[in-house]
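>>> Prediction below, plus the sequence it came from.
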Amino acid sequence: MIMTFRWYGKDDPISLRYIRQIPAVKGIVSALYDVPVGDEWPLEKIAALKKAVTDADLELTVIESIPVHEDIKLGLPTCDAFIDNYCRSIRNMGSLGIPILCYNFMPVFDWMRSDLSFTLADGSTALLYDHDAISAIDLNEGVLDLPGWAASYTTDGLRSLLEAYTGVGPEDLWSNLEYFLKRVVPVAEESGVRMGIHPDDPPWSIFGLPRIITDEAALERLTGLVDSPSNGITFCTGSLGPNAGIDLVRSIGRFARMGRVPFVHARNIRRTGERSFHETAHCTESGDVDMYRVIRLLAEAGFGGAIRPDHGRMIWGEKGRPGYGLYDRALGAMYLAGLWEASVKSLDRSR
Ligand SMILES: [Mn+2]
């Protein structure tokens, strides 16, 4: 297991020097943020990112994410050129020895929340999702009401994109995903890169858009689309957790034993309704994810991939990118490292 931490590049207020001071953290999860979606990621730019990380005495372990162009998700005739670029980006990262690629296949929006600063009982703040609040938003009036998304789309750009998805159902999205994976997974395998799809967050349809990576059956279907260790899952406990129908612990153990979990996002959530939840501290007692059993099953499966503390709360007066402050994620990393050490050592004793 490689403990990692997400870093948003040179503009991240949390420096690599600070991250290096969190015990147990050895790897960095990052991306290029200035390459237009759909373009090839230039080798020199990835190499420069890797050098910045290596110079800070850390390893660039995961690329999260190379975004998948909407034309690929829509299965438009233009998708082949974008898939070619995607393959070139994978070859480039592979040639630099970066072993894991996280990506997602969510139309238009990836994550979605209705409140980025919900106050918990202890005075800290966390991200919250309320389905009624999201459903009440009229996207025809633009994205101003969408927390975290206002800068991503113009009103017209969003409208035409939503129009393009009219009539695109879950099965269409599955076949477009299959088409994409059949092209890129062999390239990833050749390049020594393990891909892990991030589950949909939240794991249900929003704004009438199809979402397909939502439960255990979907993960099963995904792994069957291309039978390769490079066709895997970024197991995000906080994205699948809001779906009360999923046995998270059984599911992560199963896919990890199959060798299909290159990357884990560890985050806890508290379900507050059928389609509502808020994020919490990482530890088991704070939410509905049994983090001990998640880590224990990974240890039992001999998990050798990367893990990172996913979103943290804002604590101790910290201000910053919602979910991505330093303090609570650092606490999360230490907690996860402790669970991992205890799990591995107790297994060694029982062998
Ligand atoms: Mn995640």
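Perfect, I can see it now. Here the structure is a predicted model, which means the values were calculated and not measured. Numbering: from 1, shown residues only.

>>> just checking, what packs against the longest helix anywhere in the chain?
Among the elements of the chain assigned as helix by DSSP state H, the one spanning the most residues is helix 327-350. If you count contacts as 3 or more C-beta pairs under 8 Å, 6 or more residues apart in numbering; DSSP states H and E, helix 327-350 packs onto strand 2-6, helix 291-300, strand 306-309. Every C-beta, even on glycine, is put in place using the N, C-alpha and C of the backbone.

>>> Out of those, the one nearest the ion is which?
strand 306-309 (8.7 Å; C-beta to the ion).

>>> could I have the closest one exported to CSV, CA atoms only?
Provided in CSV are the C-alpha atoms of strand 306-309 (Å, rounded to 0.1, in the frame of the first residue of the first chain):
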residue,chain,number,x,y,z
ALA,A,306,-2.3,3.6,-3.8
ILE,A,307,-4.7,5.1,-1.3
ARG,A,308,-5.4,8.7,-0.4
PRO,A,309,-7.5,10.4,2.2
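
>>> For the most centrally placed residue in the chain, give its distance to Ser124.
Centroid check for the chain by C-alpha atoms, centre = their mean gives His198 as the closest residue, at 4.6 Å. Noted for His198: a distance of 25 Å to Ser124, by C-beta to C-beta, to the nearest Å.

>>> returning to that earlier point: out of the helices and strands packed on helix 327-350, indicate the one that is most buried.
strand 306-309 (a mean of 26; mean count of other C-beta atoms under 10 Å).

>>> is that one up against the ion anywhere?
No. Strand 306-309 is not in contact with the ion by C-beta under 5 Å from the ion; minimum separation 8.7 Å.

>>> cool, stretch 205-217 as well?
No. Looking at stretch 205-217 against the ion by C-beta under 5 Å from the ion, there are no contacts, and the closest approach is 11.6 Å.

>>> Can you mark which positions in that stretch are buried?
Ile206, Phe207, Leu209, Pro210, Arg211, Ile212, Ile213, Thr214, Asp215, Glu216 (16 or more other C-beta atoms under 10 Å).

>>> cool, and stretch 157-173?
Buried, per 16+ other C-beta under 10 Å, within stretch 157-173: Leu158, Leu162, Ala164, Tyr165, Val168, Asp172, Leu173.

>>> repeat for stretch 228-245
For stretch 228-245, by 16+ other C-beta under 10 Å, it's 228, 230-243.
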